[in-house]
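Participant: With the input below, show me the fold.
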Amino acid sequence: MRDHQDAPGSGALIGRLFERTLAPSRVLHEVETDESELERCQRNFNELLQELRVAQAGVQILFAFLLTLAFTGRLAESGTFVRASYMVALLSAGSSAALLIAPVAQHRMLFRLGSKPYLVQSSHRMASAGLGLLLVSMVSSVLLASDAVLPWPLAIVATAVVALWFVTLWVAVPWAERRSALTERAPRPPVVGLPAGRSRPALHPRAPERDAPRDIPTAS
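Facilitator: All right, here's what the predicted structure looks like:
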(Lines give C-alpha, C1' and ligand atoms only; values in the text may rest on other atoms or scores of the structure.)
Protein backbone atom coordinates (compact mmCIF):
# COMPACT_ATOMS: atom_id res chain seq x y z
CA MET A 1 0.00 0.00 0.00
CA ARG A 2 1.40 3.38 -0.98
CA ASP A 3 2.09 5.77 1.84
CA HIS A 4 0.80 9.29 1.51
CA GLN A 5 3.43 11.78 2.50
CA ASP A 6 3.49 15.53 2.25
CA ALA A 7 5.34 16.99 -0.66
CA PRO A 8 8.67 18.63 0.10
CA GLY A 9 8.18 22.20 1.22
CA SER A 10 4.44 21.83 1.90
CA GLY A 11 4.87 23.03 5.47
CA ALA A 12 6.61 26.15 4.27
CA LEU A 13 3.86 26.73 1.68
CA ILE A 14 1.13 26.42 4.32
CA GLY A 15 3.06 28.80 6.53
CA ARG A 16 3.27 31.38 3.75
CA LEU A 17 -0.46 31.10 3.03
CA PHE A 18 -1.21 31.56 6.71
CA GLU A 19 1.07 34.59 6.81
CA ARG A 20 -0.74 36.08 3.82
CA THR A 21 -4.04 35.75 5.64
CA LEU A 22 -2.78 37.47 8.77
CA ALA A 23 -0.53 40.12 7.24
CA PRO A 24 -1.66 40.94 3.67
CA SER A 25 0.02 44.33 3.56
CA ARG A 26 3.45 42.94 4.44
CA VAL A 27 3.13 40.09 1.93
CA LEU A 28 1.94 42.54 -0.73
CA HIS A 29 5.04 44.63 -0.10
CA GLU A 30 7.21 41.53 -0.53
CA VAL A 31 5.49 40.68 -3.81
CA GLU A 32 5.93 44.21 -5.10
CA THR A 33 9.64 44.20 -4.38
CA ASP A 34 10.04 41.16 -6.67
CA GLU A 35 8.83 43.24 -9.65
CA SER A 36 11.03 45.32 -11.85
CA GLU A 37 10.37 49.03 -12.22
CA LEU A 38 8.90 48.58 -15.70
CA GLU A 39 6.63 45.71 -14.59
CA ARG A 40 5.37 47.74 -11.65
CA CYS A 41 4.61 50.74 -13.85
CA GLN A 42 2.80 48.54 -16.37
CA ARG A 43 0.67 46.95 -13.66
CA ASN A 44 -0.15 50.30 -12.06
CA PHE A 45 -1.12 51.81 -15.40
CA ASN A 46 -3.39 48.87 -16.27
CA GLU A 47 -5.12 49.12 -12.88
CA LEU A 48 -5.58 52.85 -13.40
CA LEU A 49 -7.17 52.32 -16.81
CA GLN A 50 -9.66 49.87 -15.30
CA GLU A 51 -10.64 52.46 -12.70
CA LEU A 52 -10.96 55.19 -15.31
CA ARG A 53 -13.44 53.12 -17.31
CA VAL A 54 -15.89 53.23 -14.41
CA ALA A 55 -15.42 56.95 -13.79
CA GLN A 56 -15.57 57.86 -17.48
CA ALA A 57 -18.95 56.20 -17.93
CA GLY A 58 -20.42 58.15 -15.01
CA VAL A 59 -19.04 61.54 -15.99
CA GLN A 60 -20.05 61.14 -19.64
CA ILE A 61 -23.65 60.33 -18.74
CA LEU A 62 -23.82 63.26 -16.32
CA PHE A 63 -22.23 65.64 -18.83
CA ALA A 64 -24.63 64.60 -21.58
CA PHE A 65 -27.63 65.10 -19.29
CA LEU A 66 -26.46 68.57 -18.28
CA LEU A 67 -25.92 69.54 -21.92
CA THR A 68 -29.45 68.53 -22.91
CA LEU A 69 -30.88 70.39 -19.93
CA ALA A 70 -29.78 73.71 -21.42
CA PHE A 71 -32.03 73.22 -24.47
CA THR A 72 -35.24 72.56 -22.54
CA GLY A 73 -35.96 76.27 -22.11
CA ARG A 74 -36.55 76.06 -18.36
CA LEU A 75 -33.22 77.54 -17.34
CA ALA A 76 -34.05 80.82 -19.06
CA GLU A 77 -37.03 81.21 -16.73
CA SER A 78 -35.05 80.30 -13.59
CA GLY A 79 -33.33 82.60 -11.14
CA THR A 80 -29.69 83.51 -10.88
CA PHE A 81 -28.92 80.88 -8.26
CA VAL A 82 -30.31 78.03 -10.37
CA ARG A 83 -28.38 79.14 -13.44
CA ALA A 84 -25.20 79.53 -11.38
CA SER A 85 -25.63 76.02 -9.95
CA TYR A 86 -26.16 74.68 -13.44
CA MET A 87 -23.01 76.33 -14.78
CA VAL A 88 -20.95 74.98 -11.87
CA ALA A 89 -22.27 71.48 -12.52
CA LEU A 90 -21.75 71.74 -16.29
CA LEU A 91 -18.24 73.17 -16.19
CA SER A 92 -17.03 70.81 -13.49
CA ALA A 93 -18.46 67.82 -15.38
CA GLY A 94 -16.76 68.93 -18.61
CA SER A 95 -13.43 69.51 -16.84
CA SER A 96 -13.72 66.15 -15.10
CA ALA A 97 -14.36 64.40 -18.41
CA ALA A 98 -11.28 66.06 -19.91
CA LEU A 99 -9.07 64.96 -17.01
CA LEU A 100 -10.37 61.39 -16.93
CA ILE A 101 -9.94 60.90 -20.69
CA ALA A 102 -6.54 62.65 -20.85
CA PRO A 103 -4.49 59.56 -19.78
CA VAL A 104 -5.70 57.70 -22.86
CA ALA A 105 -4.73 60.58 -25.15
CA GLN A 106 -1.32 60.91 -23.51
CA HIS A 107 -0.72 57.19 -23.84
CA ARG A 108 -1.37 57.43 -27.58
CA MET A 109 0.99 60.40 -27.97
CA LEU A 110 3.78 58.75 -25.94
CA PHE A 111 3.33 55.22 -27.27
CA ARG A 112 6.59 53.22 -27.35
CA LEU A 113 8.71 56.13 -26.13
CA GLY A 114 9.63 54.62 -22.76
CA SER A 115 7.53 57.14 -20.82
CA LYS A 116 5.58 54.67 -18.71
CA PRO A 117 6.73 56.10 -15.32
CA TYR A 118 5.66 59.58 -16.44
CA LEU A 119 2.30 58.24 -17.63
CA VAL A 120 1.65 56.55 -14.29
CA GLN A 121 2.42 59.69 -12.28
CA SER A 122 0.57 62.13 -14.52
CA SER A 123 -2.43 59.81 -14.93
CA HIS A 124 -2.66 59.43 -11.16
CA ARG A 125 -2.75 63.19 -10.69
CA MET A 126 -5.29 63.76 -13.46
CA ALA A 127 -7.53 60.94 -12.22
CA SER A 128 -7.50 62.37 -8.69
CA ALA A 129 -8.33 65.87 -9.96
CA GLY A 130 -11.02 64.48 -12.27
CA LEU A 131 -12.70 62.60 -9.43
CA GLY A 132 -12.67 65.75 -7.32
CA LEU A 133 -14.37 67.75 -10.07
CA LEU A 134 -16.83 64.91 -10.62
CA LEU A 135 -17.77 65.14 -6.95
CA VAL A 136 -18.38 68.89 -7.35
CA SER A 137 -20.51 68.31 -10.44
CA MET A 138 -22.64 65.64 -8.81
CA VAL A 139 -23.24 67.69 -5.67
CA SER A 140 -24.16 70.73 -7.78
CA SER A 141 -26.55 68.59 -9.82
CA VAL A 142 -28.21 67.34 -6.63
CA LEU A 143 -28.59 70.93 -5.45
CA LEU A 144 -30.05 71.91 -8.83
CA ALA A 145 -32.61 69.11 -8.73
CA SER A 146 -33.44 69.54 -5.03
CA ASP A 147 -34.12 73.23 -5.45
CA ALA A 148 -36.72 72.42 -8.12
CA VAL A 149 -38.77 70.03 -5.96
CA LEU A 150 -38.06 71.03 -2.35
CA PRO A 151 -38.15 74.24 -0.33
CA TRP A 152 -34.86 76.10 -0.08
CA PRO A 153 -33.87 74.94 3.46
CA LEU A 154 -34.65 71.29 2.72
CA ALA A 155 -32.74 71.46 -0.56
CA ILE A 156 -29.66 72.72 1.27
CA VAL A 157 -29.93 69.98 3.90
CA ALA A 158 -30.40 67.23 1.31
CA THR A 159 -27.43 68.48 -0.72
CA ALA A 160 -25.25 68.69 2.40
CA VAL A 161 -26.09 65.10 3.34
CA VAL A 162 -25.25 63.86 -0.16
CA ALA A 163 -21.97 65.83 -0.17
CA LEU A 164 -21.01 64.43 3.23
CA TRP A 165 -21.76 60.90 2.02
CA PHE A 166 -19.58 61.38 -1.06
CA VAL A 167 -16.70 62.80 0.96
CA THR A 168 -16.94 59.94 3.46
CA LEU A 169 -16.83 57.21 0.82
CA TRP A 170 -14.41 58.85 -1.61
CA VAL A 171 -12.01 60.62 0.77
CA ALA A 172 -12.32 59.84 4.48
CA VAL A 173 -12.53 56.03 4.38
CA PRO A 174 -9.68 55.43 1.87
CA TRP A 175 -7.53 58.09 3.55
CA ALA A 176 -7.88 56.37 6.93
CA GLU A 177 -6.98 53.02 5.35
CA ARG A 178 -4.03 54.64 3.57
CA ARG A 179 -2.64 56.02 6.82
CA SER A 180 -3.07 52.66 8.52
CA ALA A 181 -1.30 50.82 5.68
CA LEU A 182 1.58 53.31 5.63
CA THR A 183 1.97 52.99 9.39
CA GLU A 184 2.16 49.20 9.19
CA ARG A 185 4.71 49.28 6.36
CA ALA A 186 6.91 51.98 7.87
CA PRO A 187 10.25 50.61 9.16
CA ARG A 188 10.66 50.73 12.90
CA PRO A 189 13.60 52.80 14.18
CA PRO A 190 16.45 50.80 15.71
CA VAL A 191 17.09 50.91 19.41
CA VAL A 192 19.89 53.34 20.20
CA GLY A 193 22.75 51.89 22.19
CA LEU A 194 22.10 48.22 21.43
CA PRO A 195 24.12 46.11 19.01
CA ALA A 196 22.42 44.69 15.93
CA GLY A 197 20.35 41.57 16.53
CA ARG A 198 19.47 42.36 20.15
CA SER A 199 16.01 43.38 21.26
CA ARG A 200 14.97 46.22 23.51
CA PRO A 201 15.27 45.33 27.21
CA ALA A 202 12.15 45.06 29.29
CA LEU A 203 10.95 48.18 31.07
CA HIS A 204 10.79 46.40 34.40
CA PRO A 205 13.33 43.61 34.36
CA ARG A 206 12.89 40.94 36.88
CA ALA A 207 15.54 41.00 39.59
CA PRO A 208 17.68 37.87 39.60
CA GLU A 209 17.14 35.53 42.45
CA ARG A 210 19.91 35.50 45.01
CA ASP A 211 21.01 32.58 47.07
CA ALA A 212 20.05 32.63 50.74
CA PRO A 213 22.87 33.91 52.95
CA ARG A 214 24.83 31.15 54.50
CA ASP A 215 25.97 31.07 58.15
CA ILE A 216 29.65 31.90 58.30
CA PRO A 217 31.40 30.02 61.16
CA THR A 218 33.13 32.33 63.58
CA ALA A 219 36.30 31.53 65.45
CA SER A 220 35.69 30.65 69.10
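
Participant: Now do the buried residues in stretch 87-96.
Facilitator: For stretch 87-96, burial by neighbour count (16 or more other C-beta atoms under 10 Å) applies to Val88, Ala89, Leu90, Ser92, Ala93, Gly94, Ser95, Ser96. Bear in mind the C-beta positions are built from the backbone N, C-alpha and C, glycine included.

Participant: and what of stretch 34-53?
Facilitator: Along stretch 34-53, these residues count as buried under the neighbour rule (16+ other C-beta under 10 Å): Arg40, Cys41, Asn44, Phe45, Leu48, Leu52.

Participant: Stretch 153-164 too?
Facilitator: Using 16+ other C-beta under 10 Å as the test for burial, stretch 153-164 gives Ala155, Ala158, Thr159, Val162, Ala163.

Participant: Same list (those) but as TSV, adding secondary structure, pLDDT and distance to Ala57.
Facilitator: Putting the buried residues of stretch 153-164 into TSV (DSSP: H, G, I helix; E, B strand; the rest coil; pLDDT from 0 to 100; distance: C-beta to C-beta, whole Å) gives the following:
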residue	secondary structure	pLDDT	distance to Ala57
Ala155	helix	92	27
Ala158	helix	94	25
Thr159	helix	94	24
Val162	helix	95	20
Ala163	helix	95	22
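
Participant: circling back: closest one to Asp147 out of the buried residues of stretch 87-96, please.
Facilitator: Nearest to Asp147 among the buried residues of stretch 87-96 is Ala89, at 11.9 Å by C-beta to C-beta.
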